[in-house]
Structures are given as structure tokens and as C-alpha cells.
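> The sequence isn't on hand, but the structure is:
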């Protein structure tokens, strides 16, 4: 590493320390932002010293969880790595992670960079890191006000992947027609993963389904089955394009509500039964993607299985918090596809539900809240007991619940997320469970409130 | 009483939760004991004259908009235009609004034909207009406000005699230049405010329902609903619009 780069690293470390000591936050973006302003190719200079190279993880849903699954496996496999584990996934976040984690052990050099990357940032991240592995998990509508349209985004991703050489591997979710279309005619190696069973097939496309037409010829795709959103086993009746053969697949899946699922996973290294301790089919995809990445890095399949079975969810994604004899389950939902999966899991529970839906419209959530109308709240018919809508856009959320006509017993509005949680917990009896489903910044706020009261630890200390 | 809503290209033109508007129309009818039927028309389907009370069309991505424009022009446009002259209603948003004008001229590629319900045309702009919008308008002689969210790069210009839906207080509107937003022609409303427009603008929703009923059931008015949540959402959205600009 050049001396100048080293100096910037120390500067970044100091800025991070100041930010944390003033309790302004975790220092997970600001140091990187400042360094990159003065030294634009800081990331490139530092990661060129990693001897295994970089893994980039992207996709609309599941980035943080998938990267965390990979991280816990790498730990077990004794591969040292740098990871932007707090979900700060722009280049400033990557630079901050490099500063924070690498400087601790300036002498003992890290071998690998593991970075979750915002979809729109992927081209720039590829340019800066020349990655060894890129994983694209799914592409859904999420903050179109920030990214522009989905097709345009896919085209940009493809253009940047075309620059990767034969030494790189791109891992794609074959069940997502838009994602798998990115994989055609690349120079690098392409690996496909997907769910190969129709047991949880949906009747038709959900309203959040995005990519319903063939990316070659615009014909409407035919599905043998849908997993969720536009994910499933599809083919184009006109040009014959279809889901590519799966290299890593779940051959059977058994969902067990919030406990997780049991799957039979088939890989080139053999087949294995695995208990995934994370709920929902989206976490089956996250697991398959993480497994494919680790296999590509040469990690033993048994090590992968072990680490996944003992995994604890990344903060806020799904979190169960004990509060004076009651249980608060927090499940992040930041776009229609993710929210629909949360609803699917909630609607399969036996009891009637007490829920806070917390909707914010900060930049990180997306200013536009109209996406909640693509969420199928109607599927919660008869399941809702006490619902409190919270957040900056609490009133919009309340309207969505009202117009879903689910027969909710009590619907109220309380914009303050802390007060809303407190009120809901008050109505719950001993050993009862209540739920909070927040958008991204609402989740951060809920956690901040809970950590102040000592129920959870701040995210940057995890 | 019964209303039939025609949802045009629901699978192609539904990019920003536009179906929220159809949900709002349907529920606000059902809550009043008015039956509602929502029929979807896709590529190749013809419009049966007299069969629909309200037409609805949302926005789509560029690719979908091209697919839809030719179909709309060739198989449906003439009937829809005639139906609106004869008292049918319409709510068309973003891409739908653009294609209900005279034409859409993209930055590159061929010009897309519009069906000319509104005397308006749209040309692609280089800047994307994104953000909360708040307009003042007049519905059935009553001054009121409409609030929503816009996200478009097309710039729409109205003909001399075409009335805009409202005057921009916050946001960009039709073209970011003349402070107009949307268009109203008889019972047809075009606007750039997408997604959850009608739920938090109940007056606009009821304006459409009232106009649509008038054709088949003249003289029948609709009862008021408890709109306390709607009105709160409306009020807070205006507050947020002022704050985020």
C-alpha cells in the first residue's frame, strides 16, 4: 500500500472514532465519504492488496442477510476478510469498512473483501474492485425514484459485468428472468441458483411482480410455477428462452413459519439436508446464493451447512426481542416483494396478530410511498387484531390497511414509532408476541429506541 | 346501482402502485352499496361501446409504453374517445395520461401516437421530475387541493382550450414551466400524480364516481363516507410535500 493511502486510512479511522464518540452514529459512511472526496480511488488502492480478491453481493432484497451468511461461513473456514456489515452499501460505506476493519490489523493482511453493494452502485463497485465473485440475487422495484427503471438498471449491470474476465465468476438467481438475462454472453464463469420445487407455488403473479415479459422478445412469459413476485420456473412461448439449468438448487423446501425452513440443497459438491434458521422463501434464495459464493471460493460444503444452521439474522431483518415477558418480533420490509413475503409468513401464523406497520419516506426508504399499494395486504384478511400505523407516513399506511378491508379489530395511527411500540406491547399479555414491520429508516429508529432502553445493542457494536 | 371499471393494461401499465386507484374507486362504491365490477383489457382486446363507466390506465416503463401505445391507438382509441364524449369517465396517470394526449415524442425512436382525448402533447425532457406534488384545483365548482407524487421526464403541454387539473403549489407538474398539472376533459382526468392518488384524495375519487353514475343513473347522488383517515392522510401529505421541496 502506498504511504499516502495509509495516511488516509489513519485519517479515516480518526473521523470514525470522532463520529462514534459523539454518538452521532456508527461512522459507517462519513469516513469513506471524506476520504473518497480527497482520494477517489482509495477503494481500488486498498483492495488491490487483498490476495483472494473481492466478493460483491447485490440484489433488491436480501443483500445484508446474504452477505452475513457468507461472512459467518468465511469465519468458520478461517478466511480473514473485510466486510461492510452494517449495510452501508455505497462506495463510501465500502471505504469506511476498509478503514475500520483493515487498520485494526495493518500487519496481518486480510485476504478477502466481502461487500454488499447497492444495485445502482454495482457498476462503479465493479470498476473499483475488479471482483472475483459477483452475486445478483433478484431485481425488484425498489425506490424507482432513485434508480430509474428496472430494465435500464439491468442493462447497466450487464454492461459492467461484460468487462469481467475469465477469472471472475458471476452468480445469478435463475428464477428471476431479468437477473438471469444478464448472464448471457459473458466472458466470465456464470453459476445459476434457484428453487426447483413447485410446492409453494402461488396461484398467479402477485401484484408486485415486475419482470413479466421476455427480455429478448417482449412476449409474456409462461410460468410452470411462481415462488413469489416474478420469481419461478418460466419460459418464453415465442423465442423459447427459459430458466437456465440450476447449478445450485433447493430440491425440496418445508417452511416452518418464523422458525425457518428445511431444505434439500443440491450443489456440484453434493446434496445436503439443511435447516435454515431464517423464515420465508426469500431466505432460501439468500442461502442458495451464499452457498454458491462460498463453494466458488473453495469452502467445503459441510462447513457451509454448519455455519448456515447456526446463523443469527442480521440486525433488524428478523429480530426477536424479549421485553418484560413479552416478545417483539421485528421484520424489515422495504419494498413490495419483501413485504409480500412478510405477509405470507404472518398470514400462516395461527393467532390473530398485533402489529405496528412503520412507514418512513426518508431518502433511504424512497421518498415515494405509493409502493405500499402493490403490497397484498388483502391476504391478511381476518388475521389482524390490533394494528398501529407509525412513521412519517403513518397516515398513508393506515389508508392502505383500511382499503385492504381485512376486518381489522382496531386500527389506529401513532406517528412516533417508540410510542406505537409501547402502546402495542401494553395491550399484549405475558408471553404474547407482537410484531413490528418497519421500512429501513423506521427499523433504524425502532432499534435506536430499543437500544436506548437496553433491549438491543447498537448496530455498530454487533 | 352498479359501475363497471375498465382497467386498461393492468399488467403492463402498473409501475407505481397505480392499482391503488382502482382499489379506492371500488371500495368507495362498495361501502355505499354500489356494485362494482373491474374488467381488465390487455393487448388486442377491443372496447365494447357502452360497457364501461370508468376507464383507468396507469404508467409503465418505456418498453411497455411502446407496446401499449400502438395497441391503444389501433384497437381501442376511437371507442374510448367516443365513450368519453358520451359521458364515460377516465382517470389516466403518467404514461396513460401521455397516451391519452395527441402524441408522445421520445428522445430517440419513433413518435408514439396518442388517442387525443386531451388536446395535449408530450415531449421527452432531459430532467426527471421527481417528488411530492401539491396542487390547487376546482372540482364541480368547489375549490380543493390534490396531493400526490410525480416521477416523469416527459413534458406535457396543453392546447389553448384544454383545462389543467390544477395549479402547482409544490412540485413540477405537466412540464415544470407553466405551473399547470394534469388535464380535465369532460369526465376524463389525466395527471402525473401516480400510485396512491385517489385514496388520499377522496374528493377526486368521489368526483369520478359521481360523474360516472350520472350517465346511467341521472339525479342520484352519493352519500358521504367517514373520511377522517383520508383527510388526515391528505393533510399530512401536503405538510410533507412542503417540507421535502
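Right, received. Where do you want to start? Because the structure is predicted, anything quoted here is derived from the model rather than measured. Numbers count the residues shown, from 1 in each chain, chains lettered A, B, ... in the order given.
> which ones are touching the closest residue to chain B within the stretch 1-150 of chain A?
Going by CB to the nearest CB, chain B is nearest to residue A:149 of the stretch 1-150 of chain A, at 4.5 Å. (Each C-beta comes from the backbone N, C-alpha and C, glycine too.) With CB atoms under 8 Å, 6 or more residues apart in numbering or on different chains as the criterion, the residues that contact residue A:149 are B:15, B:61, B:62.
> which residues sit in contact with the first one?
Read it as residue B:15. By CB under 8 Å, 6+ apart, the residues touching residue B:15 are A:141, A:144, A:149, B:58, B:59, B:60, B:61, B:94, B:95, B:194.
> again, but for residue A:408
Counting by CB under 8 Å, 6+ apart, residue A:408 makes contact with A:384, A:385, A:386, A:387, A:401.
> Buried subset of those as a PyMOL selection?
One line in PyMOL is enough to select the buried ones among the contacts of residue A:408; burial here means 16 or more other CB atoms under 10 Å in any protein chain shown:
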select buried, chain A and resi 384+386+387+401
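> just checking, what packs against the helix or strand in which residue A:319 is found?
Residue A:319 is part of strand A:318-323 when elements are defined by DSSP states H and E. Using 3 or more CB pairs under 8 Å, 6 or more residues apart in numbering or on different chains; DSSP states H and E as the contact criterion, the secondary-structure elements in contact with strand A:318-323 are strand A:326-331.
> Name the residues of the strand it packs on that are buried.
Taking 16+ other CB under 10 Å as the basis for neighbour counts, the residues of strand A:326-331 that come out buried are A:326, A:328, A:329, A:330, A:331.
> ditto for stretch A:432-452
Under 16+ other CB under 10 Å, the buried positions of stretch A:432-452 are A:434-447, A:449-450.
> hmm, it in reach of chain B?
No. Interface with chain B: stretch A:432-452 contributes nothing (CB under 8 Å from any CB of the partner chain), its closest point being 14.0 Å away.
> sorry, back to before: can you tell me which of the buried residues of stretch A:432-452 end up in strands?
Members of those lying in strands (criterion: DSSP state E): A:434, A:435, A:436, A:437, A:438.
> From those, pick the one nearest residue B:123.
For these, the closest approach to residue B:123 (CB to CB) belongs to residue A:438, at 40.8 Å.
> dump the residue contacts of the closest one.
Under the criterion of CB under 8 Å, 6+ apart, the contact partners of residue A:438 comprise A:316, A:330, A:332-333, A:356-360, A:391, A:417, A:445-446.
> switch to 6 Å and redo it
Listed by CB atoms under 6 Å, 6 or more residues apart in numbering or on different chains, the contact set of residue A:438 reads A:358, A:446.
> mind checking how far it is from residue B:31?
When distance is defined by CB to CB, to the nearest Å, residue A:438 is 30 Å away from residue B:31.
> Repeat that for residue A:334.
From residue A:334 across to residue B:31, the span is 31 Å (CB to CB).
> Which residue of the two possesses the greater neighbour count?
Regarding residue A:334 and residue B:31, a neighbour count based on other CB atoms under 10 Å in any protein chain shown identifies residue A:334 as having more, with 22 against 13.
> how about the helices of chain B, start to end?
Using DSSP state H, the helices found in chain B span residues B:19-30, B:62-71, B:77-85, B:95-99, B:202-216, B:228-244.
> Next, format those as JSON lines and append mean neighbour count.
Compiled in JSON lines, these are given as follows (neighbours: other CB atoms under 10 Å in any protein chain shown):
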{"stretch": "helix B:19-30", "mean neighbour count": "22"}
{"stretch": "helix B:62-71", "mean neighbour count": "19"}
{"stretch": "helix B:77-85", "mean neighbour count": "18"}
{"stretch": "helix B:95-99", "mean neighbour count": "30"}
{"stretch": "helix B:202-216", "mean neighbour count": "20"}
{"stretch": "helix B:228-244", "mean neighbour count": "18"}
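> export those helices to CSV and tack on mean pLDDT and distance to chain A?
What follows is the helices of chain B, written out as CSV (pLDDT from 0 to 100; distance: least, CB to the nearest CB, whole Å):
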stretch, mean pLDDT, distance to chain A
helix B:19-30, 95, 3
helix B:62-71, 88, 6
helix B:77-85, 96, 21
helix B:95-99, 95, 11
helix B:202-216, 93, 10
helix B:228-244, 94, 4
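> Can I get those in a markdown table including distance to residue B:126?
Supplementary listing: those in a markdown table, determined by distance: least, CB to CB, whole Å:
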| stretch | distance to residue B:126 |
| --- | --- |
| helix B:19-30 | 29 |
| helix B:62-71 | 15 |
| helix B:77-85 | 29 |
| helix B:95-99 | 17 |
| helix B:202-216 | 31 |
| helix B:228-244 | 23 |
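> What residues does residue 129 make contact with?
In the absence of a named chain, this looks at chain A. If you count contacts by CB under 6 Å, 6+ apart, residue A:129 has them with A:47, A:54.
> Wait, chain B was what I had in mind.
B:150, B:152, B:172, B:176.
> Next one: the closest residue to it other than its chain neighbours from chain A, what distance?
Leaving out its chain neighbours, the residue that sits closest to residue B:129 by CB to CB, 6 or more residues apart in numbering or on different chains is residue B:172, at 3.8 Å. Here residue B:172 is placed at a distance of 13 Å from chain A (CB to the nearest CB, to the nearest Å).
> can you give me the angle the strand holding residue A:319 makes with strand A:326-331?
Taking axes from the mean of the first three to the mean of the last three CA atoms, to 10 degrees, one finds that strand A:318-323 is oriented at 160 degrees with respect to strand A:326-331.
> Sort out which residues of strand A:318-323 are buried, please.
The neighbour-count criterion (16+ other CB under 10 Å) identifies A:318, A:319, A:321, A:323 as the buried residues of strand A:318-323.
> Rebuild these as CSV, extending it with distance to residue A:395.
Shown next, in CSV, are the buried residues of strand A:318-323 (distance: CB to CB, whole Å):
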residue, distance to residue A:395
A:318, 27
A:319, 26
A:321, 27
A:323, 27
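> okay, and for chain B, where does confidence drop off?
Of all residues in chain B, those with pLDDT under 70 make up the ranges B:195.
> longest single strand anywhere in chain B?
Ranked by residue count, the top strand of chain B under DSSP E comes out as strand B:120-139.
> could you pull out the helices for the stretch 1-150 of chain A?
A:3-21, A:30-38, A:42-47, A:63-76, A:91-97, A:122-129, A:144-147, A:150-161 (DSSP state H, counting those that start in this stretch).
> same for the fourth one, what does it pack against?
In terms of contacts (3 or more CB pairs under 6 Å, 6 or more residues apart in numbering or on different chains; DSSP states H and E), helix A:63-76 is packed against strand A:53-58, strand A:112-116, helix A:281-296, helix A:301-309.
> So which bits of the longest one are buried?
For helix A:281-296, a neighbour-count test (16+ other CB under 10 Å) marks A:281-296 as buried.
> Quick one: work out the angle between it and strand A:112-116.
Interaxial angle, helix A:281-296 versus strand A:112-116 (the same axes, to 10 degrees): 160 degrees.
> Which other helices and strands does helix A:281-296 contact?
Here helix A:281-296 touches helix A:63-76, strand A:133-136, strand A:189-195, strand A:248-256, helix A:301-309, going by 3+ CB pairs under 6 Å, 6+ apart.
> mind checking how far the longest one is from the chain centre?
Put simply, helix A:63-76 sits 12 Å off its chain's centre (CA atoms, centre = their mean, to the nearest Å).
> in that helix, what's buried?
Residues of helix A:63-76 classed as buried under the neighbour-count rule (16+ other CB under 10 Å) are A:63-74, A:76.
> Spell out which residues of chain B are next to chain A.
If contact is defined as CB under 6 Å from any CB of the partner chain, the residues of chain B in contact with chain A are B:16-17, B:20, B:23, B:27, B:61, B:63, B:130, B:149, B:151, B:195-196, B:199, B:229, B:232-233, B:236.
> go again using 8 Å as the cut-off
For chain B, the residues found near chain A under the criterion CB under 8 Å from any CB are B:11, B:14-20, B:23-24, B:27, B:61-64, B:67, B:128, B:130-132, B:149, B:151, B:194-196, B:199-200, B:229-230, B:232-233, B:236-237, B:240, B:244.
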